[in-house]
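Asks: I would like the atomic coordinates for the input below:
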Amino acid sequence: DSLALGWMQTQLAALYKERTLSLGYGRVWNERLAFGAALKQPQITEQAPPLNYTNSGAVTGAADPVFAGGESASGLGLDLGVLYEPAGGYRLGLSLQNINQTKVSLAGSDKAPAVVRLGAARRSSELLLVSELRTREFTGGSRDYEAVLGAERWWRPGKTSSFALRGSLAAGNRSFRQFT
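Replies: Predicted coordinates for the structure are as follows:
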């Protein structure tokens, strides 16, 4: 059994801050199956501007309606994952992230997008081949779809030295392309 704590924070001076606290648990069920889960608490904080402007640029005395509910918002999210090894060197994984699509906005209904990832891998002593299919909700209820292929090759010319070469190709809808 494994337990993990996480803290991730991004900040732009006092104007904007994102912070996510997480608590994760993982368990090897048997020699072929492992699973895990994580609870996440994302929080955003934005500083209300001292002046508010109309669309024409005139200063108004009214407060910005975005901050009517306060300067911060938080929620509670859930991730789940499973890893299966059907045979030696082969692995299959499934990850479900932001299952409950936590609302993380000051105003409106912005939610963390639900992400589904399905992956497969084959490892030998010198070569790792991986593939992944992933989908996530995008704005307006549409979905993004992406496929990734990757490889890693190791050379061990001596007992105390090694060299690796890694690369990946990814493609998806909305003209997504990536090479690393």
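
Asks: how far out from the middle of the chain is the helix or strand containing A73?
Replies: Assigned by DSSP states H and E, A73 belongs to strand 72-74. In terms of Cα atoms, centre = their mean, to the nearest Å, the gap separating the centre of strand 72-74 from the centre of its chain is 19 Å.

Asks: low pLDDT regions in the chain?
Replies: For the chain, the stretches flagged by pLDDT under 70 are 50, 65-70, 139.

Asks: nearest spatial neighbour of the residue nearest the centre of it, chain-adjacent residues omitted?
Replies: Nearest to the geometric centre of the chain sits Q97, at 7.2 Å (Cα atoms, centre = their mean). For Q97, ignoring the flanking residues on the chain, the nearest one in space by Cβ to Cβ, 6 or more residues apart in numbering is V115 at 4.1 Å. Placement of C-beta: from N, CA and C, glycine included.

Asks: burial of the one you found, as a residue count?
Replies: Neighbour count for V115, taken as other Cβ atoms under 10 Å: 16.

Asks: mind listing what it touches?
Replies: 95-98, 134-136 (Cβ atoms under 8 Å, 6 or more residues apart in numbering).

Asks: so what's it bridging to?
Replies: In this entry, V115 is beta-bridged to Q97, R136, by DSSP bridges.

Asks: renumber starting at 423 from here on
Replies: Shifting the count to begin at 423 puts that one at V537.

Asks: just to revisit the earlier point, how near is the residue nearest to the centre of the chain to T467?
Replies: Using Cβ to Cβ, to the nearest Å, Q519 is found at 23 Å from T467.

Asks: hmm, who's touching stretch 507-524?
Replies: Counting by Cβ under 8 Å, 6+ apart, 453-455, 462, 464, 497-506, 533-546, 559 sit against stretch 507-524.

Asks: what does S564 show for phi and psi?
Replies: phi -80, psi 170 (degrees, to the nearest 10).

Asks: residue contacts, A495?
Replies: 465-466, 525-528.

Asks: E468: how many residues sit nearby?
Replies: 20.

Asks: and T557, how many residues sit next to it?
Replies: Counted with other Cβ under 10 Å, T557 comes out at 17.

Asks: surely it touches D566?
Replies: Yes: here T557 reaches D566: they are 6.5 Å apart, a contact under Cβ atoms under 8 Å.
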